[in-house]
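Chemist: predicted coordinates and the sequence they were generated for:
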Amino acid sequence: MTFFIVSSTGDLLFTNGGSTCRECMSRHKESSYTRIDCPVNHCNMRFGSMESKGYILLLCSDETQTKTTALFKEKINMLSYVVPAMLEFRAEVEKTAKRKEVEKYSKVVHNLKSLNAQSLLAQYRFIPQDAFVDRYENLFEYVLDEVKNRPRDAAVALIKQAKSNAHMKTEFTSHEKLAMDNPALYKQTHIIRKVILNVYHSFDYDFRENHVSFRITESDIRAIVDYDTVRLAIYHILSNAVKYIAPNSCLQTEISLDEGKSNAIVDFKMRSLYIKPEELDLIFNDHYSGESVRLSNLQGSGLGMGLIKKAILLNGGNFIVIPGKKFKKSNYAENVFRLLLPVNRL
């Protein structure tokens, strides 16, 4: 489901769509309701708009998710209820922050919206959204029967929701530090392996779905870091790994000390999408996706790599990407994503 909120003057206020979606939107924005062939997913979609005071809401939804016109119109009506709150939040931010600060906060808003969408998606895959309308008279009994009859699906939904909710908390606790020019970090000594495993456990199911195994060095090496910001960086490393790692492969995490024993080296080694040498600097720019990612149609917001870099630099460390050579007849390479974390500097 892709949405656009446009001001009455034509300015794009909110969207979860990419550039291709925006071009498609501009071609159909005058339609109150139509069906289109999606240029991204190459499937039939329902597209419609709703105009209200001060804004226009446009919605594009897969026909398999909204099987009838009535259900589509109900969905756009439900979405319209939250638009005023979003616009009010935007107005408050613009009143109290400079344009540069708005840019910073828009990143965390985007990440929170994405995590919330993932949580809702996990819920609706188990209990379809239609059920909350069609079965409102006996909804509790219906959900109870579904849990009894489909315990595995219920467990998957709970795990995925727990992951999204846990990382929303991380975004909340760390976004102010990342948004500030001179953030106050709460640095303590942490066993690096434990910090990684604290984040990894919520991704375990996703890796298993792709038949990806996980190995990590037995290590008690400690680093002096701010837990929240480093946890956020590791979250985005693993989130990218889930999307870009080759199926039936291994994510190898190695922890060691450099020669001077002043930094811990954390290497996330994986067979993942190939990175061109000339892309090494570009991948840290906001909204940039590499060529291999675009060809695989896996591009996201393009914010993760930049957030990782900033979070680690704030902790006095560094984040380095070591790309491997492209395999023949493949879009993959043996890549290394390296964190350098201080072990004896506050």
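Modeler: Sure, I can see it.
Chemist: and the residue located most distally from the centre of the chain, its phi and psi?
Modeler: Going by CA atoms, centre = their mean, the residue of the chain most distant from its centre is Gly260, 36.0 Å out. Gly260 adopts backbone torsions of phi -80, psi 0, taken as degrees, to the nearest 10.
Chemist: mind checking how far it is from Pro342?
Modeler: Gly260 sits 11 Å away from Pro342, going by CB to CB, to the nearest Å. Backbone N, C-alpha and C define where each C-beta goes, glycine included.
Chemist: which neighbours do the two share?
Modeler: Common neighbours of Gly260 and Pro342, counting by CB atoms under 8 Å, 6 or more residues apart in numbering, are absent.
Chemist: ranges for the helices of the stretch 101-250 of the chain?
Modeler: Per DSSP state H, counting those that start in this stretch, the stretch 101-250 of the chain carries helices over the ranges 129-134, 139-149, 151-179, 192-200, 204-209, 227-244.
Chemist: helix or strand right after the last one?
Modeler: If I follow you right, that is helix 227-244. Using DSSP states H and E, the helix or strand that follows helix 227-244 in sequence is strand 250-257.
Chemist: next, the angle strand 250-257 makes with the helix or strand following that next one.
Modeler: Moving toward the C-terminus from strand 250-257, the next helix or strand (DSSP H and E) is strand 263-273. Here strand 263-273 runs at an angle of 160 degrees relative to strand 250-257 (axes from the mean of the first three to the mean of the last three CA atoms, to 10 degrees).
Chemist: now could you export just the CA positions of strand 263-273 as CSV?
Modeler: The C-alpha trace of strand 263-273 is given here as CSV (Å, rounded to 0.1, in the frame of the first residue of the first chain):
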residue,chain,number,x,y,z
ASN,A,263,39.8,-0.5,19.0
ALA,A,264,37.6,-3.6,18.7
ILE,A,265,37.1,-4.8,15.2
VAL,A,266,33.6,-6.2,14.4
ASP,A,267,33.3,-7.7,11.0
PHE,A,268,30.0,-8.7,9.5
LYS,A,269,31.0,-10.9,6.6
MET,A,270,28.3,-12.0,4.2
ARG,A,271,27.6,-12.9,0.6
SER,A,272,25.4,-10.0,-0.3
LEU,A,273,24.6,-7.8,-3.3
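Chemist: how far off centre is it?
Modeler: On the basis of CA atoms, centre = their mean, to the nearest Å, strand 263-273 is displaced by 20 Å from the centre of the chain it belongs to.
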